[in-house]
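3D, please:
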Amino acid sequence: MDDGLTIDWTVMPTYNTIMAVAAGAGLLSIVLLGWRVSRGQAFSAEGHAVNFGVLGAILTITGAHMTLTWPFAAYFPFDNIIFGEPSLALGVLLLAAAIVLWRRRTALGEAERPGAALAAVAAPLAIIIVGLGLSLIAIAAAGIAFQLFTAPPEEPLTGFFAQWPWVETIFISGLYAITGLGALTFPLAARDTGRGRAGTAAQYVTGIALGLSGIAFLLFGALNFYTHIGLIVNTM
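This is a model prediction of the structure:
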């Protein structure tokens, strides 16, 4: 473009598109597995292991690169913290879940209460999961306080809201906050599942929070494949 915003894309790598899609799919997959296990429904440990492995690999590789490359995006160094670190953490957790499910796929299929076995494995992770939940809420607060997440007017579709920067700021910050809430209640939901309970308040809060944020991240990430391509074309 001869006038308007110009970006040097050699110092602005971006792939939070695939990260958002994988994160959304990962959150939805956790909810799906939790739903089946808590209600005693049959599930394929092997299938979930492969699914978590694929999603975990995407998030671990991209999240690690974004976290360790400082600054990853010259114009937005806070992307390392906002996108890179949470993706890395979720990716490693999904890979760990994939390993457990794969190694115990036969035992889980034969166990009378597979939820108890999975809850016992997840219990020691409660500390880091709660810590990540608090971190996501902190990112949401920073997004509101510092007016982050606003797309420039040159970005198709989402750029329409550039004149109202609070719209996308509240939307993305809200996603982080809801995901953080789901992480905070996840240990309680896993505990209830381990005790053979179904439909508890903790399970519903966790399922709704992670389910809604998973859908939103997946769809928003897919949309960004179009909007980010358009932004690159419009600012070269």
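
Please identify the buried residues of the least confident helix or strand in the chain by mean pLDDT?
When the helices and strands of the chain are scored by mean pLDDT, DSSP states H and E, helix 105-110 comes last with a mean of 84. For helix 105-110, the buried set under the neighbour-count rule, 16 or more other CB atoms under 10 Å, comprises residue 108. Quick note: C-beta positions are derived from backbone N, CA and C, even for glycine.

contact partners of it?
Contacting residues not belonging to helix 105-110 are listed as 45-46, 49, 101, 114, 117-118 [CB atoms under 8 Å, 6 or more residues apart in numbering].

How far away from the center of its chain is that helix?
Taking CA atoms, centre = their mean, to the nearest Å, the mean C-alpha location of helix 105-110 is offset from the chain mean by 28 Å.

go on, stretch 192-200?
Using CA atoms, centre = their mean, we find the averaged C-alpha position of stretch 192-200 to lie 24 Å away from the chain's own average C-alpha position.

Which residues outside that stretch are in contact with it?
In this structure, residues lying in contact with stretch 192-200 by CB under 8 Å, 6+ apart are 34, 37-40, 113, 115-116, 118-120, 123, 189, 202-203.

try stretch 93-103
Taking CB under 8 Å, 6+ apart as the criterion, the residues outside stretch 93-103 that touch it are 26, 45-46, 48-53, 55-57, 59-60, 108, 118, 121, 125, 129.

go with 7 Å
The set of residues external to stretch 93-103 that reach it, using CB atoms under 7 Å, 6 or more residues apart in numbering, is 26, 45-46, 48-49, 52-53, 55-57, 59-60, 121.

And those, which is closest to residue 8?
Relative to residue 8, the closest of the contacts of stretch 93-103 is residue 59; by CB to CB it sits at 27.2 Å.
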